[in-house]
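# Need the 3D shape of this:
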Amino acid sequence: MGKGKNHLRLRQNLAILCLSLSALFLLLKVVSYEVGLSGAIVPLFSQAVTPAAPESAPSTDLSGMDGPMNIMVIGSYGQRGFLLPDSGSSELEPLRSLLREALGSARSPATVSAEAFQQALDQGGVFYDNLTTQSGALLSARFGASFDPGFSVRYLLISASRSTVDLYLWDGADAICRCSTALSPSALTEVTSSYDPNDALFAYEAGDAFAHLHPYTLLLFQPISVPAVQGTSALAQLSSDELLAALDFNPHSESNYTLVNGTEVIMESPRRLVIQPDGTLIYSGDTEVTSDLYRIPAADGEATEIEAVLAVRQLAETILSSDVSANGELWLSSVSGSGGTYTVTLDYMVQGVPVLFSDGGSALTAEITDSVITGFQFRCRQYTASADEAVRLLPVRQAAAAALAYEDAFLTACYVDSGGASLTPSWIAQ
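Numbers count the residues shown, from 1 in each chain. Below you'll find the predicted structure:
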């Protein structure tokens with residue numbers, strides 16, 4: 001009799017356990033649908049217990065944030081010019097390392113004249129044109145240094161003078177300073193002598209046919225070819241839910257709606273996000289936002305210029321993973337403002353060549369107010385450079401002739417993005 005009761009209790013306990021598991025299964029299914037998941041138990045547990053790691057860690061500083069640059073190496077046997085070289089090229093590493101060391105050891109800045117800059121250039125060394133003017137502190141931060149000359153910089157020159165090596169910094173207008181460095185003349189000579197000369201000249205060296213150009217325009221007379229590039233919307237690889245989650249929006253809000261032309265509008269007052277069919281994002285908000293994505297952690301209360309640029313860079317990286325951005329790389333094209341309020345613009349480049357939009361706008365323009373990103377417009381584009389197909393640019397003599405109408409024009413190459421599938425390589429006069 002006792003054995004029969006034990007068997008009965010065992011069957012009752014098993015039945016209760018089965019009913020409990022079934023109820024739990026149904027509950028989990030309901031919860032998973034409520035939060036917008038597929039309803040499968042495995043994904044729900046995997047998200048609750050082991051959150052997926054991001055594809056790439058966000059940047060913690062500006063080191064490695066490259067930008068388009070022209071470089072002229074002036075050695076004992078001639079000059080070698082690099083017109084918008086790919087920043088990832090191993091051939092450039094000695095020149096990048098040299099600049100990194102010069103910025104990292106620069107000291108005792110002293111104001112000098114434009115004539116002194118030109119004399120140092122004539123003596124030889126390495127000349128760098130950053131193409132845009134930005135604060136010396138920002139430029140140094142990009143190379144992992146903390147040097148701040150106290151003004152904006154476009155041109156940099158490393159030149160030896162007897163027993164020392166000096167770093168010259170020039171904004172391209174008025175401010176020029178010379179700093180002593182810890183580099184040795186022998187180290188500089190070792191780098192410059194490792195590059196064979198090519199046909200590169202500055203415009204001021206190239207004769208009357210180029211006298212209308214900016215003197216420090218870098219000219220290469222050999223045929224110049226760049227890869228053919230295709231452009232598409234980078235958001236095509238992301239679902240709307242993934243994008244909204246990345247930007248800390250609720251993908252299931254009842255305030256979200258879609259316009260006739262396919263534009264999605266997401267409202268979370270006072271924040272608003274517009275997703276256009278071409279992959280452009282337009283965000284507006286205010287300083288009361290709580291998301292860490294938009295608030296800039298300022299060490300001294302008000303975000304510095306470097307902290308502002310880093311926050312915008314992290315925002316872009318949150319939207320565009322390394323896989324999505326493909327061959328396109330974002331670079332800092334401008335920053336203005338102070339005291340925690342800034343306007344920051346980033347643009348694309350492909351293998352060192354900048355991408356310009358045909359309407360004159362930037363890839364990403366972000367507005368920062370009181371150390372908070374309060375608005376941005378981001379053209380999320382993906383660029384793929386062909387490994388087999390190249391496009392030859394117009395010869396530099398013809399390009400310079402076409403720029404005769406522009407006095408003191410800086411001639412450079414770029415890709416023009418008109419929103420179509422193919423980008424157009426071209427010369428532009430700035």
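# okay, CA-based contacts and neighbour counts for the rest of this
Noted.
# In the stretch 151-300 of the chain, what residue spans correspond to helices?
Along the stretch 151-300 of the chain, the segments classed as helices by DSSP state H, counting those that start in this stretch run 185-192, 240-246.
# Packing partners of the longest one?
Think helix 185-192. The helices and strands touching helix 185-192, judged by 3 or more CA pairs under 8 Å, 6 or more residues apart in numbering; DSSP states H and E, are strand 70-75, helix 93-105, strand 125-135, strand 152-161, strand 164-170.
# what's downstream of the third one, the next helix or strand?
Spelled out, that is strand 125-135. Next in sequence after strand 125-135, counting helices and strands by DSSP states H and E, comes helix 136-142.
# Check the first one too.
The helix or strand immediately downstream of strand 70-75 is strand 78-82, counting by DSSP H and E.
# Save the helices and strands packed on helix 185-192 as TSV, and put in mean pLDDT, distance to A236 and mean neighbour count too.
Listed next are the helices and strands packed on helix 185-192 as TSV, based on pLDDT from 0 to 100; distance: least, CA to CA, whole Å; neighbours: other CA atoms under 10 Å:
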stretch	mean pLDDT	distance to A236	mean neighbour count
strand 70-75	97	34	23
helix 93-105	96	35	18
strand 125-135	96	32	21
strand 152-161	95	37	23
strand 164-170	97	43	24
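# Among those, which comes closest to R379?
Among the helices and strands packed on helix 185-192, strand 125-135 comes nearest to R379, with 20.9 Å by CA to CA.
# which residues are contacting that closest one?
Applying CA atoms under 8 Å, 6 or more residues apart in numbering, the external contacts of strand 125-135 come out as 67-75, 95, 121, 150-160, 171-172, 188-189, 192, 333-335.
# quick one: strands adjacent to that strand?
According to DSSP bridges, strand 125-135 forms sheet pairs with strand 70-75 (antiparallel), strand 152-161 (antiparallel).
# Which stretch among the helices of the stretch 151-300 of the chain is buried most, on average?
Highest mean neighbour count of the helices of the stretch 151-300 of the chain: helix 185-192, a mean of 17 (counted as mean count of other CA atoms under 10 Å).
# and G88, that one's in a helix?
No. Read with DSSP: H, G, I helix; E, B strand; the rest coil, G88 is coil and lies in no helix.
# what's the closest non-adjacent residue to it?
Nearest residue to G88 in three dimensions, chain neighbours excluded: Q351, at 7.8 Å (CA to CA, 6 or more residues apart in numbering).
# wait, isn't that neighbour in contact with D86?
Yes. With contact defined as CA atoms under 8 Å, Q351 and D86 form a contacting pair (4.5 Å).
# So which of the strands paired with strand 125-135 is nearest P197?
Taking the strands paired with strand 125-135 one by one with CA to CA, strand 70-75 is closest: 8.2 Å.
# Not counting its own residues, what contacts the closest one?
For strand 70-75, contacts defined as CA under 8 Å, 6+ apart pick out 79-85, 124-131, 189, 192-193, 195, 200, 218.
# Sketch out the low-pLDDT regions of the stretch 101-250 of the chain for me.
Regions of the stretch 101-250 of the chain meeting the criterion pLDDT under 70 are absent.
# do that again at 80, thanks
Along the stretch 101-250 of the chain, the parts satisfying pLDDT under 80 run over 237.
# Rebuild the strands paired with strand 125-135 as CSV, extending it with distance to Y383.
Putting the strands paired with strand 125-135 into CSV (distance: least, CA to CA, whole Å) gives the following:
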stretch, distance to Y383
strand 70-75, 22
strand 152-161, 27
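# Of all the ones you listed, which one comes closest to Y342?
strand 152-161 (15.8 Å).
# Report the distance from the closest one to the chain centre.
The chain centroid and the centroid of strand 152-161 are separated by 23 Å, computed with CA atoms, centre = their mean, to the nearest Å.
# tilt between it and helix 185-192?
Between the axis of strand 152-161 and that of helix 185-192 there is an angle of 110 degrees, by axes from the mean of the first three to the mean of the last three CA atoms, to 10 degrees.
# Run through who's touching strand 152-161.
Around strand 152-161, the neighbours that count as contacts under CA under 8 Å, 6+ apart are 99, 102, 120-121, 123-136, 139, 165-172, 185, 188.
# Pull stretch 87-100 out as PDB, backbone CA atoms only.
Taking C-alpha atoms only, stretch 87-100 is exported to PDB below (Å, rounded to 0.1, in the frame of the first residue of the first chain):
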ATOM      1  CA  SER A  87      47.200  56.500 -44.700                       C
ATOM      2  CA  GLY A  88      47.500  52.800 -44.300                       C
ATOM      3  CA  SER A  89      50.500  52.500 -46.600                       C
ATOM      4  CA  SER A  90      53.500  51.000 -45.000                       C
ATOM      5  CA  GLU A  91      55.700  53.300 -47.100                       C
ATOM      6  CA  LEU A  92      54.400  56.200 -45.100                       C
ATOM      7  CA  GLU A  93      55.000  54.800 -41.700                       C
ATOM      8  CA  PRO A  94      58.600  56.300 -41.300                       C
ATOM      9  CA  LEU A  95      57.200  59.700 -42.200                       C
ATOM     10  CA  ARG A  96      54.200  59.400 -39.800                       C
ATOM     11  CA  SER A  97      56.500  58.100 -37.000                       C
ATOM     12  CA  LEU A  98      58.900  61.100 -37.600                       C
ATOM     13  CA  LEU A  99      56.000  63.500 -37.200                       C
ATOM     14  CA  ARG A 100      54.700  61.700 -34.100                       C
END
